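Participant: Pasted the sequence and its predicted model underneath.
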Amino acid sequence: MILLARVTALAGVHGDAGSRDPGMGVCDPNNCTRPYNHGQRMITTARELYQQIQARRPPLLLDVRNEDEFARWKVEGAHPVETLNLPYFAFVEDEPGSVAKVKDWLAGRAPELVVICAKGGSSEFVAEVLRGHSLSAQNLEGGMIAWGGQTVRSEIPSSPVRVLQILRFGKGCLSYVLSAGSDAVIVDPHRHMDEYGALLHEHGLRLRAVIDTHLHADHVSGAPALAQSASVPCFGHRDDFEHASFSFEPITDRAPLRIGALDLAPVRFLHSPGHTPGSTSLLVNDKLLLTGDTLFVGGVGRPDLAGKAAEWGRELHRTLQERLRPLGDDVLVLPAHSAGPQEARADGTVAAPLGALRQRNPALRTDAATFVEEAVRSAGAAPEAYARIREANMGHWSASEDELAELEFGKNECAMARRH
């Protein structure tokens, strides 16, 4: 059978298509024997899919990755998303039966159907198969890698400091652009520097400094490269970055953010160890608290990434109960991660008043012994890539874009609450 021969050849070149897309299996419309709808749009982007979900108009999703990959990380939204997981090779081995399963799942519905895989190759092939059986199907361009890399931005109402929050919605990573007048500081940037350059240009801002609140483990930081490209200081705490191969400006606890004689904005550093020894929060105008991975809207950062759950857990509890105690209930917490779309507010921002978290976050109401016990019980093996990512964020090695995307693949696992 021509179809099976073609797919087998692709699989032989690219390996297991459930985890490594063939990246090719698309019929040439001039030579393909399948029906080909020239009027139908063939792809959708990660941003478009996110916007549909946010607007409560989600398409149905068909994820053709292996079951274990689907279970670890999938497309999720602030509103329910209906997804069928039917691996790619099911279509290779039994196309009629697989198409029948999709039709049974649709149960007569004729909605938009978006097909998803890791990189966009296997799903492109399956979408074509479905269109050949008169089903409307689009391919998620770039697959889950694109879903994990795309961002949306929102403004956090604040004065005199303007705050823009950038959310990588598929990974739950958050970064910030703080500006006062034409001066800007970027906090916890991801590695795609062009996005920040475009944002600065759009708002007429001049970058003055870059800050990493801690040594990130789940994604590659853009802070050192961004600072170097703009010839501005890169701030980090010595307890995390002492052995970094790049130059950094050491953070001093409770000191204001200052570049030479220039006070950029009413920003003060608060050393907040626990998730990492050098974790640092930023108090902005006494109204906003950028907490890094210390405190989330729905949990706290995991203290076990170095295998020191008890030791770092005690530090984290001390940070939550003592170091943050003087701050008022009306201070707005802005974390570096979201544990999921359910943490977003109605306007799409991820934030919560500290007083509300003191009421509903158990970690802020638990005694030290119980907290440490929970930290130890929740400890687990970190993803293998995390150690490699930390080394990259120390500047100890570099890699190609494809290698970096592979390292970052998957949901973030930086919250203690996720280790149950």
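Facilitator: Arrived safely.

Participant: Now do the same contact list for the residue nearest the centre of the chain.
Facilitator: Central residue of the chain (CA atoms, centre = their mean): residue 171, 1.9 Å from the mean position. Residues in contact with residue 171, defined by CB atoms under 8 Å, 6 or more residues apart in numbering, are 148, 149, 218, 219, 408, 411, 412. For glycine as for every other residue, the C-beta is placed from the backbone atoms N, C-alpha and C.

Participant: just checking, the third one touches residue 389?
Facilitator: Yes: in terms of CB atoms under 8 Å, residue 218 counts as a neighbour of residue 389; the distance is 6.7 Å.

Participant: With neighbour numbers in mind, choose between these two.
Facilitator: Set residue 218 next to residue 389 and count neighbours by other CB atoms under 10 Å: residue 218 wins out with 24 against 21.

Participant: Roughly how far does that one sit from residue 60?
Facilitator: Counting by CB to CB, to the nearest Å, the gap from residue 218 to residue 60 is 29 Å.

Participant: mind giving me the domain ranges of this structure?
Facilitator: If you go by automatic domain parsing, the domain ranges for the chain are 2-146, 151-419.

Participant: ok now the shortest one, how far from the chain's centre?
Facilitator: This means domain 2-146. Centre-to-centre, domain 2-146 and its host chain are 23 Å apart (CA atoms, centre = their mean, to the nearest Å).

Participant: okay, now the nearest residue to residue 160 once chain neighbours are set aside: neighbour count?
Facilitator: Distances taken as CB to CB, 6 or more residues apart in numbering place residue 180 nearest to residue 160, at 6.0 Å, with adjacent residues excluded. Look at residue 180: counted by other CB under 10 Å, it has 20 neighbours.

Participant: For residue 180, name its beta-bridge partners.
Facilitator: Partner residues in beta bridges with residue 180, using DSSP bridges, are residue 183.

Participant: gap between it and residue 158?
Facilitator: 10 Å.

Participant: hmm, back to that, quick check: the residue nearest to residue 160 touching residue 159?
Facilitator: No: if you go by CB under 8 Å, residue 180 and residue 159 don't touch, sitting 9.8 Å apart.

Participant: I'd like to know how far residue 176 sits from residue 350.
Facilitator: Distance from residue 176 to residue 350, by CB to CB: 11 Å.

Participant: on that earlier part again, with respect to the domains of the chain, which exhibits the lowest mean confidence?
Facilitator: Lowest mean pLDDT of those: domain 2-146, a mean of 79.

Participant: related to what we said a few turns ago, between residue 218 and residue 389, what contacts are shared?
Facilitator: residue 408.

Participant: The stretch 301-420 of the chain: helices as residue ranges?
Facilitator: In the stretch 301-420 of the chain, the segments counted as helices under DSSP state H, counting those that start in this stretch are 309-318, 354-360, 368-378, 385-393, 401-408.

Participant: Which of residue 176 and residue 350 has more residues huddled nearby?
Facilitator: Shown here are residue 176 and residue 350; by other CB under 10 Å, residue 350 has more neighbours (26 against 23).

Participant: mind listing what that one touches?
Facilitator: Contact analysis of residue 350 by CB under 8 Å, 6+ apart lists 165, 167, 174, 297, 334, 335, 338, 343, 344.

Participant: again, only this time at 6 Å
Facilitator: 297, 338, 343, 344 (CB atoms under 6 Å, 6 or more residues apart in numbering).

Participant: ok, it to residue 291 distance?
Facilitator: For residue 350, the distance to residue 291 (CB to CB) stands at 11 Å.

Participant: Next: residue 306.
Facilitator: Distance of residue 306 to residue 291, computed by CB to CB: 20 Å.

Participant: out of these two, which sits in the more crowded spot?
Facilitator: The residue with more neighbours, out of residue 306 and residue 291, is residue 291; 30 against 14, by other CB under 10 Å.

Participant: Check which helix or strand that one maps to.
Facilitator: Using DSSP states H and E, residue 291 sits in strand 288-292.

Participant: What strands flank that strand, and is each parallel or antiparallel?
Facilitator: Strand pairing for strand 288-292, using DSSP bridges, gives strand 280-284 (antiparallel), strand 332-335 (parallel).
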